[in-house]
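Enquirer: build me a structure from this.
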Amino acid sequence: LIEIRGVTGGGDYAPIVDHPRIRVIGESRLPTEVPRAGFGQMMTGEVDGQWVEVEGVVHSVQETVTNILLNLALKDGTLSAVTLKEPGEDYGRLIDATVRIHANVAPFFNTYRQLAGARLFFPSMAQVQVEEPAVSDPFGLPVRTIGSLLRYEPNTTFRHRVHVRGRVTLQWPGRSLCIQDATRGLCAQTAQTTPLGVGDLVDVAGFPAGGGFAPTMTDATFRLAGTGQPIFPAPVTAAQALLGDYDSALVQVEGQLIGQNRTTVEPTLAILSGNTLFAAVLPATIPGDAVPRLSEGSTVRITGICSVQVNALPMALGVGVVRPASFRILLRAPSDVVTIEQAPWWNRERS
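Expert: Next up is the predicted model:
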């Protein structure tokens, strides 16, 4: 129990006490009745600074020199919860566990004192109660097909980790890993940088997530399950790619190069195939001078992962069926771009 003397201030988001003088005047206890708060409620600012209870699944754990950050998936959103690091504590055991945390709500804000997000601060692991422990080995979970992910499952409160197996079609280390099994392709978000080869058989464990045309996976980990075997791209037209059947799969498509940008973080080629314009994107790890210098107007063959983008308007209007609106091709290396017909010498620049 403390007494605070100071001056009221506007704060960066909500009012605060500036230049505080704090005096301990007794001992109290944390409240036994703690109001439950959801992400949507936190985003109104209503519970800013208040002591609340949240329930969710821990998707990942990040460590700094002094702090631990738990990334939580609630029923209605995701947020981070920060605490001080405690010696000897095993935080990794919390990944994929359903937990209940008592914490203070804190804001993210912009320079105009507007709410931009919410996070939690909690004093120690004493405020964390594990409701459902995580499995000790995520790769011991039953192997599911990629095509079965995010299908209707009754009585599902939280999405937990799943285990899939497939052959590697693309790896952007520390960012994305794409695989294929007999049913579909999948691109998983992962911070793991263990090198893999195209065609390697891998086990992937992560949290299935929607939001695009097909399921993806977040906070994934992987391990090698078998040596590489040849994996061949599916030859498709741009019109076929737009149907969505090849989303996250390895494809090969031909078109005419009409532009290129080497100055962006991810070097990008603009390709016109029939009446469809799409982008071919190289990984950020490829330096600009390694990007193939192609003449505009050349006919090229592109090999990579088909990534379908959806039309947000029907979703906003409540239409149930998600329709593809465009696609791009994620490239693995400059060699995924092959010129099959040179551009005419008499081009726009020479004109």
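Enquirer: what is the least confident helix or strand in the chain?
Expert: Least confident element among the helices and strands of the chain, by mean pLDDT, DSSP states H and E: helix 312-316 (a mean of 63).
Enquirer: beyond that helix, next helix or strand please.
Expert: Of the helices and strands lying after helix 312-316 in sequence (DSSP states H and E), the nearest is strand 324-330.
Enquirer: give the buried residues for that next one.
Expert: 324, 327-330 (16 or more other Cβ atoms under 10 Å). (Glycine included, C-beta is placed from N, CA and C.)
Enquirer: of the residues you listed, closest to Gly297?
Expert: Checking those against Gly297 with Cβ to Cβ, the nearest one is Ile329 at 19.1 Å.
Enquirer: identify the bridge partners of the closest one.
Expert: Per DSSP bridges, the residues bridged to Ile329 are Ala280, Cys306.
Enquirer: was I right to think it contacts Leu282?
Expert: No - if you go by Cβ atoms under 8 Å, Ile329 and Leu282 don't touch, sitting 10.0 Å apart.
Enquirer: next one: Thr190 from Glu63, what distance?
Expert: 17 Å (Cβ to Cβ, to the nearest Å).
Enquirer: just Ala14 next, same as before
Expert: 29 Å.
Enquirer: quick one: terminal-to-terminal distance for stretch 24-39?
Expert: One end of stretch 24-39 sits 33 Å from the other (Cα to Cα, to the nearest Å).
Enquirer: just the buried residues of it, please?
Expert: 34, 37-39.
Enquirer: can I get these in TSV including distance to Asp18, pLDDT and secondary structure?
Expert: As requested, these are arranged in TSV below (distance: Cβ to Cβ, whole Å; pLDDT from 0 to 100; DSSP: H, G, I helix; E, B strand; the rest coil):
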residue	distance to Asp18	pLDDT	secondary structure
Val34	28	94	coil
Ala37	27	95	coil
Gly38	31	94	coil
Phe39	30	95	helix
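Enquirer: of all these, which comes closest to Thr264?
Expert: Phe39 (32.6 Å).
Enquirer: quick one, what contacts that closest one?
Expert: 74-79, 118 (Cβ atoms under 8 Å, 6 or more residues apart in numbering).
Enquirer: and Val58, how many neighbours?
Expert: By other Cβ atoms under 10 Å, the residues close to Val58 number 24.
Enquirer: quick one: contacts for Val251?
Expert: 233-236, 241, 303-306, 329.
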